[in-house]
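A.B. asks: next comes the sequence, and after it the predicted model I'd like to discuss.
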Amino acid sequence: MLPLNPGYACLLKIARFGGRMPSPDDLQNIFDEASAPMSDHVREQLAYRHMIALADAFEGWALDKRMTPEQTAKLVGLAESMRALADEVGANWNPPSPKRLTLMGFLGRKMFDE
């Protein structure tokens, strides 16, 4: 698939918010939704080190200039949620390897080629 022309991408973003650019409140809502507590499967799938690595990756992706403001807000929210979970489980958290990985489990473990 060819990359979307930046001008068209901007029009699509504006259309999503009823013909206007997203407001700070819109972005705050996106962040709040993304920073909600992670589901239990993440705790079962990832060790502390995976959670921290994913949070770092989400923050790095959020800084990419190709990201929309909405994507940036979501990625920063996901990083916040992942760090909160890592703080909750503690640095010694290392659950047994699951038999089947979710996408989040795969990404976290892939950071360490596990």
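C.D. replies: Cool, got the structure.
A.B. asks: show me the biggest helix of the chain in terms of residues.
C.D. replies: helix 69-89 (DSSP state H).
A.B. asks: give me the residues contacting that one.
C.D. replies: By C-beta atoms under 8 Å, 6 or more residues apart in numbering, the residues outside helix 69-89 that reach it are 13, 16, 22, 26-28, 30-38, 42-43, 48, 51-52, 54-56, 58-59, 61-63, 67, 93. Bear in mind the C-beta positions are built from the backbone N, C-alpha and C, glycine included.
A.B. asks: which of these count as buried?
C.D. replies: Buried members of the contacts of helix 69-89, counted by 16 or more other C-beta atoms under 10 Å: 13, 22, 26-27, 30-31, 34-35, 38, 42-43, 48, 51-52, 54-55, 58-59, 61-62, 93.
A.B. asks: and the residues you listed, which of them are in helices?
C.D. replies: Using DSSP H, these in helices are 13, 26-27, 30-31, 34, 42-43, 48, 51-52, 54-55, 58-59, 61-62.
A.B. asks: circling back: which positions within whichever helix or strand comes after the longest helix of the chain qualify as buried?
C.D. replies: Counting by DSSP states H and E, the element after helix 69-89 in chain order, helix or strand, is helix 103-110. Judged by neighbour count using 16+ other C-beta under 10 Å, the buried positions of helix 103-110 are 104-105, 107-109.
A.B. asks: now the residue nearest to Ala57 when sequence neighbours are not counted: how far from Asp26?
C.D. replies: Leaving out its chain neighbours, the residue that sits closest to Ala57 by C-beta to C-beta, 6 or more residues apart in numbering is Met111, at 6.8 Å. Per C-beta to C-beta, to the nearest Å, Met111 is found 31 Å from Asp26.
A.B. asks: go on, Thr68?
C.D. replies: Taking C-beta to C-beta, one finds Thr68 at 11 Å from Asp26.
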